[in-house]
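K.L.:
Sequence and computational prediction follow.
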Amino acid sequence: MSTPQLLLVESNTTGTGRQFAQRARALGAEPVLLAADPGRYPYAAEDDLRTVVVDTADADALWAAVTALAARAPIAGVLSSSEYYVATAADLARRLGLHGPSADAVRACRDKSLQRRALAAAGVPVPLFSVAGDVAEALAAAQWLGGPVVVKPVQGSGSLGVRLCRDRDEVAEHARVLLAATVNERGLSTPGVVLVEQYLTGREFSVEVFGEDAVVTVAKHVGAPPVFVETGHDVPALLPAAQAAALVDSAVHAVKALGLGWGAAHVELRLDGDVARVIEVNPRLAGGMIPELVRRARGIDLVGAQVRAALGRDVDLAHPAADAAGAASIRFLTARAESVLADVTAAETAARAVPGVVDTALYRPAGTRVEPAEDFRGRVGHVITAGETPDRTAEAAEAALARGLATALEPLAAPATPVVKEVLPV
């Protein structure tokens, strides 16, 4: 009997992409990566992952590739770990009669303007917002909202293009930059509108939802404005009961309002007093290594659950692994000024010496020049800790970052030659 195939449409370049393939193999399915450029994903070659080169932005070419694969062996599921291809994967699953979310719901959810309107109409607490199709409309929206505003693309992930604008000049300049872009960092076409929204200063969290059930609430750490680079996460979030309940209620209400409810959803929120306002709902697993934190802290394998759901297997999140630590944290290394990575081996060794550290990584080799992060691509490493309580794991992660990974960064006071900004591929 032929081994059933799990098709993976593109991938994220870091984090869970590799784990999707690993979980598929563990469940007796053959993972197959469909990608326009498999070289974007080094793990594919390292793990001897079967790949098919196809233009994943071309629906006809993609369907032809899927049809050819179906003639080879049964296709048991279709997934994507990439924000940009979750709707494509959902479309393919529907055409094949397989398990997956509503493709229409996922597509609408990925457009933050449509998503925000649907949430507001359903009574889900959200920031005040307006959609702008040109600079004049963005300026009018900023004047209506008053004070600093956040201007961002209506599609995307990883804080790409998200910026705090404090005055009319900043609003006009950033809106102009975003509206001038016709394709995103993946080469896919972009809508000609931006979102202008109220700037909320309360703490940021995410609620990880599976189906229509909240799994865990995550405390998120964000770098200094005007950008919103996520610099770390703690699982679970320590909160008063009323705020914890408000976050879960808003997140679950949002997922239902958007017609999701299959598989994973990553809901980002900010507290506005005791009101939990939804910033955005992502119809996929969280990035930023959050699924790995949930696995270590709670013994719940969200990646495995997503793969099981796609394969039509039962998913049981009520019986977590017995060896869960109780809490886990991650901190990402970013540069505060133009720097060069020096002795990365010594830095990782120092980080691992901190009690509670379970994983460290520097993403680039010694000698690489880096600049302050504008989005997730500017992160150059991470440290993960696990332990009994999130306050302790957070303290350990911060210590390992400061006394370990951060020692690899040597600031460049005045580079003699222009610095080419190096970023990880999206």
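P.N.:
Structure's in. What do you need?
K.L.:
got the residue ranges for the strands in the stretch 151-300 of the chain?
P.N.:
Counting by DSSP state E, counting those that start in this stretch, one finds strands in the stretch 151-300 of the chain at the ranges 163-165, 194-198, 204-210, 213-222, 230-235, 264-272, 275-282.
K.L.:
Need the contact partners of the helix or strand containing residue 71.
P.N.:
Using DSSP states H and E, residue 71 maps to helix 59-72. Helix 59-72 has contacts (Cβ atoms under 8 Å, 6 or more residues apart in numbering) with 2, 5, 7, 9, 32, 34, 52, 54-56, 75, 78, 88, 91-92, 95-96. The C-beta positions use only the backbone N, C-alpha and C, and glycine is treated the same way.
K.L.:
Can you mark which positions in it are buried?
P.N.:
Along helix 59-72, these residues count as buried under the neighbour rule (16 or more other Cβ atoms under 10 Å): 62, 65-66, 69.
K.L.:
Run through the protein and note the low-pLDDT ranges.
P.N.:
Scanning the chain for pLDDT under 70 picks out 1, 185-187, 414-426.
K.L.:
Grab the most central residue of it for me.
P.N.:
Centroid check for the chain by Cα atoms, centre = their mean gives residue 287 as the closest residue, at 3.0 Å.
K.L.:
Apart from its chain neighbours, what residue comes closest to it?
P.N.:
residue 15 (5.6 Å; Cβ to Cβ, 6 or more residues apart in numbering).
K.L.:
Distance of residue 371 relative to residue 223?
P.N.:
Distance, residue 371 to residue 223, by Cβ to Cβ, to the nearest Å: 13 Å.
K.L.:
again, but for residue 94
P.N.:
39 Å.
K.L.:
And those two? Which one has more around it.
P.N.:
Set residue 94 next to residue 223 and count neighbours by other Cβ atoms under 10 Å: residue 223 wins out with 19 against 16.
K.L.:
Pull up the distance across stretch 146-162, start to finish.
P.N.:
Taking Cα to Cα, to the nearest Å as the measure, stretch 146-162 stretches 18 Å from start to finish.
K.L.:
Just the buried residues of that stretch, please?
P.N.:
For stretch 146-162, a neighbour-count test (16+ other Cβ under 10 Å) marks 148-162 as buried.
K.L.:
Please apply the same query to stretch 122-136.
P.N.:
Quick answer for stretch 122-136 (16+ other Cβ under 10 Å): 124-132, 135.
K.L.:
how close does the nearest residue to residue 370 once chain neighbours are set aside get to residue 160?
P.N.:
Nearest residue to residue 370 in three dimensions, chain neighbours excluded: residue 335, at 4.8 Å (Cβ to Cβ, 6+ apart). For residue 335, the distance to residue 160 equals 18 Å [Cβ to Cβ].
K.L.:
same question, residue 387
P.N.:
32 Å.
K.L.:
What's opposite the nearest residue to residue 200 once chain neighbours are set aside in the beta bridge?
P.N.:
Nearest in space to residue 200, with sequence neighbours left out and distances taken as Cβ to Cβ, 6+ apart, is residue 270 at 4.4 Å. Counting by DSSP bridges, residue 270 forms beta bridges with residue 204, residue 277.
K.L.:
Wait, residue 270 touches residue 205, no?
P.N.:
Yes. Residue 270 is within contact range of residue 205, at 7.5 Å (criterion: Cβ atoms under 8 Å).
K.L.:
quick one, which of the two is more surrounded?
P.N.:
A side-by-side neighbour count of residue 270 and residue 205, using other Cβ under 10 Å, places residue 205 first with 24 against 21.
K.L.:
if I pick that one, what's in contact with it?
P.N.:
Counted by Cβ under 8 Å, 6+ apart, residue 205 has contacts 217-220, 237, 239, 247, 268-271, 276.
K.L.:
Dump these to TSV, plus distance to residue 329.
P.N.:
Output for those, formatted as TSV (distance: Cβ to Cβ, whole Å):
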residue	distance to residue 329
217	14
218	10
219	9
220	11
237	11
239	15
247	18
268	18
269	19
270	20
271	20
276	22
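K.L.:
quick check, nearest of these to residue 283?
P.N.:
Relative to residue 283, the closest of those is residue 268; by Cβ to Cβ it sits at 12.5 Å.
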